Structures are given as structure tokens and as C-alpha cells.
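Peer 1: Let me see the structure of the following:
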Amino acid sequence: MVAQSQSQPKDQPAVHRGKQATPRRIVLTGFMGSGKSTAGPLLAARLGWNFIDVDDVIEAEAGSTIAALFAHHGETAFRELERDTIARLTAGEALVLALGGGAIEHPETRTRLKSSPETLLIHLEVELETTLARCKGTEDLRPILADQANLANRYQRRLPLYHEAHVSISVDALTPEQVVDAILQVVRLSGASVS
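Peer 2: Now for the predicted structure:
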């Protein structure tokens, strides 16, 4: 699993898009079902860092589920709340942060995550078919998944935004442990010391 240019074949999982300072925080982005909330805690444990899922923080602070926030306040209001939460959380160090699948759509969030020299933004890339297989049966918990008519459009709209991340890793065929190994290889290449 080596860093490569975006034009390389997709069977090589890591695509690196720029030199980074030694990261103090790793932010995982990607479409639903990409494994951010599964690989994130494993990665944090390997690094001896903390893991935070942005959606969990939002739900705890709002006293409501993401689906209910979408239903009662709309997506625009939710994205503003999400942006503010991410801005606050990314001030931390020794942190692995998992974003909601749509967080990358907010321009301020993208700019913040891409421009911080101590933040490594990693895109866990999955095909839409993988998302559907992994998330089957969770439509009640995932408001975007329940909207089948627009799901493919959302995926296609977000994919170029995900590709703005510092690194993309194709994870369709990887176990969570293999995803962590691929991320740690990228972190090592950036000069960080990892166990």
C-alpha cells in the first residue's frame, strides 16, 4: 500500500495529494458505509490518541438523533451546526475525528481541514454498491440513505469533494484493520512516529 498519484490503478489503495506536516489530528471523511466510525477507534487505539465521531457529539449536545435534526430543522441548519462542531473539535490534538458523510460539502469545513498544517484529511473511498451493501437495514438511522432517489446524485456530487482530501484510500475490499494499516503507512510517510 503505497502513496501514488491519482492516475494510478485503483487496486493500489492509497492516493497521496500533497506533503503534510506531522499530523496532530487525523480526520476521516467519506460516504456512508466507508468505515469511518469502525476504523477510527482502531486507528486511535493504535496511535494512543482519542477518537471522536462528530455525529455522536452533535446528537449528545442536541439531545436528538441526526435523522430527527434533519426532519425538524432541515439539512441547511444541520450543516451549519455540523460546521461549528467540527471547527471546535479540530482545535484538539492527538485526535482521530470521523466526519459525517456530508460534512465535506460545507466550503468552510473543507477549507479548514485542508489548510491546517497539522491536520491530515483522509478520504476512505467506497463504491456506491459497497455503501448499499454495508448500510442495508439502517435506512431509519440514515436520512440520506432513506432517500434512494437522490442517493446516487449525492454520491456523485460529493466524490470530487472527497478527492480534495490529502489522501484517498480505496477501502471496498479492506478489513477495518487493513484500513488502519494503510492509514498508518501514510502517517509514517508524513514523518510522524507511530507504534
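
Peer 1: who does the longest strand along the chain pair up with?
Peer 2: Assignment by DSSP state E gives strand 119-125 as the longest strand of the chain. Strand 119-125 has the following sheet partners, assigned by DSSP bridges: strand 25-29 (parallel), strand 167-170 (parallel).

Peer 1: what ranges do the strands span in this structure?
Peer 2: 14-16, 25-29, 50-53, 95-98, 119-125, 167-170.

Peer 1: hang on, the earlier thing: run the chain-centre distance for the longest strand of the chain.
Peer 2: Its chain's average C-alpha position is 6 Å from that of strand 119-125, according to C-alpha atoms, centre = their mean, to the nearest Å.

Peer 1: what's near enough to touch the residue sitting nearest the centre point of the chain?
Peer 2: Nearest to the geometric centre of the chain sits residue 29, at 1.5 Å (C-alpha atoms, centre = their mean). Contact analysis of residue 29 by C-beta atoms under 8 Å, 6 or more residues apart in numbering lists 36, 99, 101, 103, 104, 113, 121, 122, 123, 124, 162, 165. In short, each C-beta sits where N, CA and C put it, glycine included.

Peer 1: Where does confidence bottom out across those residues?
Peer 2: pLDDT across the contacts of residue 29 is lowest for residue 101, at 91.

Peer 1: Leaving out chain neighbours, which residue sits closest to residue 38?
Peer 2: residue 176 (4.8 Å; C-beta to C-beta, 6 or more residues apart in numbering).

Peer 1: so who does that neighbour touch?
Peer 2: 35, 38, 39, 42.

Peer 1: The residue of the chain most remote from its centre - nearest residue in space that isn't next to it in sequence?
Peer 2: No residue in the chain sits farther from the centre than residue 72, which is 25.0 Å out by C-alpha atoms, centre = their mean. Excluding its sequence neighbours, the residue lying closest to residue 72 (C-beta to C-beta, 6+ apart) is residue 64, at 7.6 Å.

Peer 1: Would you quantify the distance from that neighbour to residue 37?
Peer 2: 19 Å (C-beta to C-beta, to the nearest Å).

Peer 1: ok, back up a step: can you lay out the strands of the chain as CSV showing distance to residue 136?
Peer 2: Below are the strands of the chain laid out as CSV (distance: least, C-beta to C-beta, whole Å):
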stretch, distance to residue 136
strand 14-16, 28
strand 25-29, 22
strand 50-53, 21
strand 95-98, 21
strand 119-125, 19
strand 167-170, 21
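
Peer 1: Of all these, which one is nearest residue 76?
Peer 2: strand 25-29 (19.7 Å; C-beta to C-beta).

Peer 1: now that closest one, how far from the centre of its chain.
Peer 2: The answer for strand 25-29 is 6 Å, by C-alpha atoms, centre = their mean.
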